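> Predicted model and sequence follow; I will ask about them next.
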Amino acid sequence: MAQTFNILILPGDGIGPEVMAEAIKLRQELIGGCSIDAHGKSVTEDVKQASLDSDAVLFAAVGGPKWDNVRRGLDGPEGGLLQLRKAMDIYANLRPCSSSSPSASIAKEFSPFRHDVIEDVDFIVVRENCGGAYFGRKVEDADYARHSSRRRSGPPTRSPWPVISLDKANVLASSRLWRRVVEKTMTTEYPQMKLVHQLADSASLIMATNPRALNGVILADNTFGDMISDQAGSIVGTLGVLPSASLNGLPGDKTLKTRPYGLYEPTHGSAPTIAGLNIANPVAMILCVAMMFRYSLNMEEEARRVEDAVRKVLDSGLRTPDLGGKAGTKEMGDAIVAAL
């Protein structure tokens, strides 16, 4: 009997339903502004429970000016996503950036960097996802810093990549604690891996001038990880082709009793000004499906097939308007499906 999985689909707001439609055809749940309209809250307990009962969650985007009057912490549209991350305990947010990715041809055309500067860039940002200033009390919280820096996802026994830990230990007490705990954890549990401490603002400058110097695993708390991973989008020239994964662990993490599950979302927003115009770029959402195959469903071959199909279509020159082309959202999705 073929193995089956339960995948929860959360299209959200703005262009979310359009890009999601090109990724998968399943039933829809509500989150974000559409959930506020329907239920008076950004995410319901039913959706939280459905997420916990699923093998994986595909999430598109939330928010827009329509709900600016309720943009207050966890009550606003984006708060629904934060609540979902917390409920699922998906503490490890992965955002890869590589010059050999399926969207490599896009970087060559649209990156503001010279090609020789971004050639051979290959790093992944691992961002702590469930704590810090986004959630906690607005006071120094040693328990949070200790807990979030201690959590891990089982690095390989051998790796040529360094772990580059970002902090502001020169001015923040919580960052000094972060640095100590990261150092102790890496020394005692992963001594085979090289650890580098880097001030977060300095890392931002390095990414803007010599991003290859950050090749490796960039480890950061919620705030610094959010900023540095968005900046990484400039390397490829657009957020429209960058997927991300938020996981409760990775394969190889001995603390997990079952395979890891997670939530997969593009790094772009809801872009309400182009919603319904069939011009949104669905590539990031489609690549989220590939990440879901790889990390939650242990389907590496299928993940690579999706990535190869995306690479083939982008290399052919087909482009949505954000990339200077004329292809519609559905046309791009259909082309990738045909290549697959």
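Yep, it's here.
> Can you give me the domain boundaries for this protein?
Recorded structural domains for the chain (assignment: automatic domain parsing) are 1-93+270-340, 112-236.
> closest to residue 248 out of the ones you listed?
When the domains of the chain are compared by CB to CB, domain 1-93+270-340 sits nearest residue 248, at 5.2 Å. (Each C-beta comes from the backbone N, C-alpha and C, glycine too.)
> so where do the strands sit in the stretch 101-250 of the chain?
For the stretch 101-250 of the chain, the strands defined by DSSP state E, counting those that start in this stretch cover 122-128, 163-167, 195-199, 216-220, 243-247.
> on that earlier part again, okay if I get the domains of the chain as a markdown table plus mean neighbour count, mean pLDDT and distance to residue 261?
A markdown table is the format used below for the domains of the chain (neighbours: other CB atoms under 10 Å; pLDDT from 0 to 100; distance: least, CB to CB, whole Å):
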| stretch | mean neighbour count | mean pLDDT | distance to residue 261 |
| --- | --- | --- | --- |
| domain 1-93+270-340 | 19 | 84 | 5 |
| domain 112-236 | 17 | 83 | 13 |
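> The ones you listed into a markdown table, with extra columns for distance to residue 106?
Output for the domains of the chain, formatted as a markdown table (distance: least, CB to CB, whole Å):
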| stretch | distance to residue 106 |
| --- | --- |
| domain 1-93+270-340 | 6 |
| domain 112-236 | 6 |
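> and residue 21, what does it touch?
11, 329, 330, 333 (CB atoms under 8 Å, 6 or more residues apart in numbering).
> cool, and residue 187?
residue 195.
> related to what we said a few turns ago, tell me which of the strands of the stretch 101-250 of the chain approaches residue 176 most closely.
Across the strands of the stretch 101-250 of the chain, closest to residue 176 is strand 163-167 (CB to CB), at 7.8 Å.
> Residue 55 against residue 4, yeah?
No: with contacts counted by CB atoms under 8 Å, residue 55 stays clear of residue 4, the gap being 9.1 Å.
> Tell me which two of the contacts of residue 21 sit farthest apart.
11 and 330 (14.8 Å).
> Tell me where the stretch 101-250 of the chain has helices.
104-110, 115-118, 142-150, 173-189, 200-209, 222-236 (DSSP state H, counting those that start in this stretch).
> The first one packs against which elements?
This points to helix 104-110. If you count contacts as 3 or more CB pairs under 8 Å, 6 or more residues apart in numbering; DSSP states H and E, helix 104-110 packs onto helix 222-236, helix 300-315.
> Geometric centre of the chain: which residue is closest?
What sits nearest the mean C-alpha location of the chain, by CA atoms, centre = their mean, is residue 244, with 2.3 Å.
> Could you pull up the residues touching that residue?
Contacts of residue 244 (CB under 8 Å, 6+ apart): 93, 94, 95, 229, 264, 265, 266, 267, 288, 291.
> one more time with 7 Å, if that's ok
Residue 244 sits next to 93, 94, 95, 265, 267 when contact means CB atoms under 7 Å, 6 or more residues apart in numbering.
> picking up where we left off before, mind checking the domains of the chain for the one nearest to residue 105?
domain 1-93+270-340 (5.0 Å).
> Please compute how far that closest one lies from its chain's middle.
11 Å (CA atoms, centre = their mean, to the nearest Å).
> From residue 76, how far off is residue 66?
Look at residue 66 and residue 76: by CB to CB, to the nearest Å, they are 11 Å apart.
> repeat for residue 222
On the measure of CB to CB, residue 222 and residue 76 end up 17 Å apart.
> Likewise for residue 65?
12 Å.
> Check residue 183 too.
37 Å.
> do the same with residue 105
In terms of CB to CB, residue 105 sits 37 Å off from residue 76.
> Please apply the same query to residue 96.
28 Å.
> before we move on, what about residue 306?
From residue 306 to residue 76 the distance is 32 Å (CB to CB).
> repeat for residue 41
Distance of residue 41 to residue 76, given as CB to CB: 10 Å.
> who are the neighbours in contact with residue 232?
Counting by CB under 7 Å, 6+ apart, residue 232 has contacts 95, 97, 125, 207.
> What backbone torsions are found at residue 42?
Here is the backbone geometry of residue 42 (degrees, to the nearest 10): phi -70, psi -20.
> Quick check: which element contains the closest residue to it other than its chain neighbours?
Computed as CB to CB, 6 or more residues apart in numbering, the closest residue to residue 42 that is not its neighbour in sequence is residue 80, at 3.2 Å. If you go by DSSP states H and E, residue 80 is part of helix 77-88.
> and the angle for that helix with strand 243-247?
40 degrees (axes from the mean of the first three to the mean of the last three CA atoms, to 10 degrees).
> And the next helix or strand past helix 77-88?
strand 92-98.
> residues making contact with that following strand?
Outside strand 92-98, the residues that reach it (CB under 7 Å, 6+ apart) are 121-127, 129, 153, 225, 229, 232, 235, 242, 244-247, 249-250, 267.
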